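Asker: task: produce atomic coordinates for the following.
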Amino acid sequence: MRNAVEHPGGYAGYLYIHNIEIASDTKTKRPVLVPPTWNLNNEPRVPILNDLNTYIWNVLEFAEDILVLSLEKFDKKFPIVVAQIPEEERDPSCPVRLRMTLNQELIRKSET
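Answerer: Next up, the predicted model:
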């Protein structure tokens, strides 16, 4: 989509953005709000909110990765490390991906 915005009519074609619309429900004939959508050329419309949710999720994961990479620059004797929680152990109501934990290797060395 971004390529179509930056180079309209180029390789990607044209980006069409459709604002919130009022449509008629086929069963009840009552008006309903249709969320904003977008599409390239003659492709089917897709909800913008789904794509924005994906972008936000990816940016947050990227920020977490940058934080972890910066923490790796600490002295290797620092007793706390970042560990990734396996997907099957994550709570769906609070999907935390990373946790701070004690460096088990340093703990073993200090016990000996």
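Asker: need the contact list for the closest residue in space to residue 48 that isn't next to it in sequence.
Answerer: Of all residues not flanking residue 48 in the chain, residue 36 sits nearest, at 4.7 Å (CB to CB, 6 or more residues apart in numbering). Every C-beta, even on glycine, is put in place using the N, C-alpha and C of the backbone. The contact partners of residue 36, by CB atoms under 8 Å, 6 or more residues apart in numbering, come to 17, 18, 19, 20, 47, 48, 49.
Asker: equivalent analysis for residue 75, please.
Answerer: Going by CB under 8 Å, 6+ apart, residue 75 touches no other residue.
Asker: the longest helix along the chain packs against which elements?
Answerer: For the chain, the helix with the greatest residue count under DSSP state H is helix 48-71. Applying 3 or more CB pairs under 8 Å, 6 or more residues apart in numbering; DSSP states H and E, we find helix 48-71 packed against strand 37-40.
Asker: give me the domain ranges for this structure.
Answerer: 1-72, 74-112 (automatic domain parsing).
Asker: what does stretch 8-20 rub up against?
Answerer: With contact meaning CB under 8 Å, 6+ apart, stretch 8-20 is reached by 1, 3-5, 33-41, 45, 48.
Asker: if we can go back for a sec, after the longest helix of the chain, which helix or strand is next? Please name it.
Answerer: strand 80-84 (DSSP states H and E).
Asker: what's the angle from whichever helix or strand comes after that following strand to helix 48-71?
Answerer: Next helix or strand after strand 80-84 toward the C-terminus (DSSP H and E): strand 98-102. If you take axes from the mean of the first three to the mean of the last three CA atoms, to 10 degrees, strand 98-102 sits at 20 degrees to helix 48-71.
Asker: check which helices and strands strand 98-102 sits against.
Answerer: strand 80-84.
Asker: and the domains of the chain as JSON lines, adding mean pLDDT?
Answerer: Listed next are the domains of the chain as JSON lines, based on pLDDT from 0 to 100:
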{"stretch": "domain 1-72", "mean pLDDT": "87"}
{"stretch": "domain 74-112", "mean pLDDT": "80"}
